[in-house]
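# Sequence and predicted model, in that order:
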Amino acid sequence: MTVSNRTGRRAAVPSLRAGRTISGPPRPGPRGGSGTLRGLAKFAVPAYVLVGVFFLLPQVLNLYFAFTNWTTYSSAITFNGWDNIALLMEQGSLLHPVVVTVLYALIAMAFQNVIGLSLAYALRDSNRVNGFFRSIFFIPVLISPLAVGYIWRGLLKPDGPVNDFIGIVVPGFDWAWLGEPSTALAAVAFMDAWKWIGLTTVVYIAGINAVPGDVLEAARLDGASAWTSFWRITFPLLAPAFTFNVVSTLVGAFSAYDVIQASTGGGPGDSTRALYVELRMQWAQGNFGTGSALGLVVTLLVVVVAVPLVWYLRRRELRA
């Protein structure tokens with residue numbers, strides 16, 4: 001079969017008989033799997049190098065130096081086994097900072113999740129007013145932790161705005177929030193929670209809005225109250241968001257340093273001397289071996305707490 005083109009010449013056209021079809025030019029096939037993997041590896045290598053140099057290597061070196069007598073007073077660095085841990089125990093620089101760190105993390109985690117979930121439930125609807133307040137509550141996330149410590153140190157002074165505000169209701173109220181051991185730890189934990197509440201709120205808002213609306217509507221038609229719908233339906237379905245927020249806030253608080261250093265410096269006395277604050281003091285005194293031992297303690301604390309916690313919360317997600 002032939003047809004005439006615009007130049008008058010005849011061009012051959014494949015026959016359509018017997019089920020034959022006109023096919024275009026052959027398309028290039030996909031790249032081979034090995035080539036694709038090599039291309040992806042080229043992009044992944046820089047990331048692996050950065051992780052190895054700035055995370056894995058410091059961890060390995062810290063593990064080694066934690067069992068040495070490395071100090072600024074001697075040029076020799078030799079292995080000394082568990083002597084650093086024994087010295088920290090003897091000085092009272094290990095168990096007390098561990099207790100302070102755990103209490104700080106629990107208080108900060110509780111503040112952050114309770115307030116964050118409450119704000120998320122109040123701001124769950126998407127409108128201009130809620131969008132404005134979501135932005136306001138997220139601003140502290142962008143502020144430096146040191147700045148947060150300095151800001152709240154001024155707000156919580158005996159003659160600061162917080163006491164002045166309380167004094168409207170309780171005339172003559174005067175309390176040194178950061179100067180009293182009974183309230184200093186809770187105060188600095190609240191500062192840490194205040195900084196990160198915006199992020200926690202955003203995660204909870206996403207989780208709440210992912211709850212199927214028809215399920216909530218069915219519960220409402222069955223006569224369930226707002227609290228019953230939240231506790232029986234919304235909260236169980238928030239399990240993934242709850243897992244992320246609880247683990248991230250708790251583990252993140254184990255690394256507390258900036259807010260404490262800027263607000264109390266570990267005082268009054270040693271009531272807010274967390275592990276990283278004690279580590280910094282050891283390094284400032286030239287005791288690099290004991291400082292590395294404290295860094296190892298923080299790593300072990302995170303592993304011992306985070307792994308069982310994630311395992312338990314993930315099982316809770318499957319049951320929800």
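Cool, got the structure.
# in this structure, which spans are strands?
Assigned by DSSP state E, the chain shows strands spanning 2-4, 10-12.
# for the longest helix anywhere in the chain, packing partners?
Scanning the chain for the helix with the most residues, using DSSP state H, yields helix 288-319. Applying 3 or more Cβ pairs under 8 Å, 6 or more residues apart in numbering; DSSP states H and E, we find helix 288-319 packed against helix 57-65, helix 83-91, helix 95-122, helix 239-254, helix 275-284. C-betas here are computed from N, CA, C, even on glycine.
# repeat that for 7 Å
Counting contacts by 3 or more Cβ pairs under 7 Å, 6 or more residues apart in numbering; DSSP states H and E, helix 288-319 is packed against helix 57-65, helix 83-91, helix 239-254, helix 275-284.
# give me the number of residues near Leu155?
Using other Cβ atoms under 10 Å, Leu155 has 15 other residues around it.
# picking that back up, how about the longest helix of the chain: buried residues?
Neighbour-count burial for helix 288-319 flags 288-298, 301-302, 305, 313 (criterion: 16 or more other Cβ atoms under 10 Å).
# Could you do stretch 194-207 as well?
Buried, per 16+ other Cβ under 10 Å, within stretch 194-207: 194-205, 207.
# same deal with stretch 266-281?
For stretch 266-281, by 16+ other Cβ under 10 Å, it's 266-267, 270-281.
# hmm, who's touching that stretch?
93, 96-98, 100-101, 104, 179, 181, 184-185, 188, 255-257, 260-261, 264, 291, 294-295, 297-298 (Cβ atoms under 7 Å, 6 or more residues apart in numbering).
# do the same with stretch 71-89
66-70, 94-95, 286-290, 293-294.
# Go again with 8 Å.
Defining contact as Cβ atoms under 8 Å, 6 or more residues apart in numbering, one finds that stretch 71-89 is touched by 65-70, 94-95, 286-290, 292-294.
# quick one: which of these is nearest Pro240?
Leu294 (33.7 Å; Cβ to Cβ).
# Name the nearest residue to that closest one, ignoring sequence neighbours.
Leu279 (4.2 Å; Cβ to Cβ, 6 or more residues apart in numbering).
# what does Ser126 give?
Asn209 (7.8 Å).
# What's the separation between the one you found and Leu238?
11 Å (Cβ to Cβ, to the nearest Å).
# the more surrounded of the two?
Using other Cβ under 10 Å, the more surrounded residue of Asn209 and Leu238 is Leu238, with 23 against 12.
# isn't the more buried one right up against Ala206?
No - Leu238 lies out of contact with Ala206 (Cβ atoms under 8 Å); the separation is 9.8 Å.
# List the buried residues in stretch 163-183.
Within stretch 163-183, judged by 16+ other Cβ under 10 Å, the buried ones are Asn163, Ala176, Trp177, Leu178, Thr183.
# Check what contacts that stretch and list those residues.
Counting by Cβ under 8 Å, 6+ apart, 153, 156-159, 162, 184, 187-188, 263-264, 268-269, 271 sit against stretch 163-183.
# at 10 Å instead, please
Stretch 163-183 has contacts (Cβ atoms under 10 Å, 6 or more residues apart in numbering) with 149, 152-153, 155-160, 162, 184-188, 190-191, 263-265, 267-272.
# Can you turn the buried part of those residues into a PyMOL selection?
Buried residues within the contacts of stretch 163-183, by 16+ other Cβ under 10 Å, are selected in PyMOL with:
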select buried, resi 149+152+153+156+160+162+184+185+186+187+188+190+191+263+264+267+270+271+272
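# The contacts of stretch 163-183 in helices, which ones?
149, 152-153, 155, 162, 184-188, 190-191, 263.
# Output the residues you listed in a markdown table; the columns should cover pLDDT and distance to Phe137.
Listed next are those as a markdown table, based on pLDDT from 0 to 100; distance: Cβ to Cβ, whole Å:
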| residue | pLDDT | distance to Phe137 |
| --- | --- | --- |
| Gly149 | 95 | 19 |
| Trp152 | 96 | 16 |
| Arg153 | 96 | 21 |
| Leu155 | 96 | 17 |
| Val162 | 94 | 19 |
| Ala184 | 97 | 25 |
| Leu185 | 96 | 24 |
| Ala186 | 96 | 21 |
| Ala187 | 96 | 20 |
| Val188 | 97 | 20 |
| Phe190 | 96 | 15 |
| Met191 | 96 | 15 |
| Ser263 | 95 | 21 |
